[in-house]
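Trainee: Any chance you could fold what I've pasted below:
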Amino acid sequence: MSDPRNINVKTLGIKVPDALHAQFALVAQLDGISLGDAALRAVELYVNTKRAESDFAARAAAALEEIEREAAARRGAIQGLFGEGVPAAADAPVERRGRRKTGETTD
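Mentor: Have a look, this model is predicted:
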């Protein structure tokens, strides 16, 4: 199992029916682990199970092709607006979203 303390993490909030939550909490307690660790194990098991499905790689490849088509269409739209004067991705300023780090200010 991955150790989330050593990597960047995302918080996942889910709604679980009361009866399932009670069972989940009991199973985690019997295994001597926290609900967070049990949930992480469940997510890892789900991902590994899906990855093992016979058609999963083909579905992932199709999703990647769709992402590439959408990116090409957006790139074309931007170039249509600005022509060849569009800065390269490495030269373009990066806009960040989300929370600021402590002490970080805006311009």
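Trainee: contacts and neighbour counts: CA atoms only from here.
Mentor: Fine.
Trainee: Can you tell me the SS state at Leu12?
Mentor: coil (DSSP: H, G, I helix; E, B strand; the rest coil).
Trainee: got the contact list for it?
Mentor: Shown in contact with Leu12 (Cα atoms under 8 Å, 6 or more residues apart in numbering): no residues.
Trainee: can you map out the helices along the chain?
Mentor: All helices of the chain, identified by DSSP state H, fall at 18-31, 35-51, 56-82.
Trainee: where does this structure have its least confident helix or strand?
Mentor: Lowest on mean pLDDT, DSSP states H and E among the helices and strands of the chain sits helix 56-82, with a mean of 94.
Trainee: orientation of that helix relative to helix 35-51 in degrees?
Mentor: In terms of direction (axes from the mean of the first three to the mean of the last three Cα atoms, to 10 degrees), helix 56-82 departs from helix 35-51 by 90 degrees.
Trainee: Which elements pack onto helix 56-82?
Mentor: Helices and strands touching helix 56-82, by 3 or more Cα pairs under 8 Å, 6 or more residues apart in numbering; DSSP states H and E: there are none.
Trainee: Report the distance from that helix to the chain centre.
Mentor: Helix 56-82 has its average C-alpha position 18 Å from the chain's average C-alpha position, going by Cα atoms, centre = their mean, to the nearest Å.
Trainee: Could you number the chain from 42 rather than 1 from now on?
Mentor: Renumbered: residue one is now 42, and that last one reads helix 97-123.
Trainee: Show me what counts as buried in that helix.
Mentor: By neighbour count with 16 or more other Cα atoms under 10 Å, helix 97-123 contains no buried residues.
Trainee: Could I get the pLDDT score of Glu125?
Mentor: Note for Glu125: predicted pLDDT of 71.
Trainee: ditto for the one 4 residues further on
Mentor: Ala129 is assigned 68 on the pLDDT scale.
Trainee: just Glu136 next, same as before
Mentor: 62.
Trainee: wait, which of the helices of the chain is closest to Val50?
Mentor: helix 76-92 (11.1 Å; Cα to Cα).
Trainee: And the closest one, what does it pack against?
Mentor: helix 59-72.
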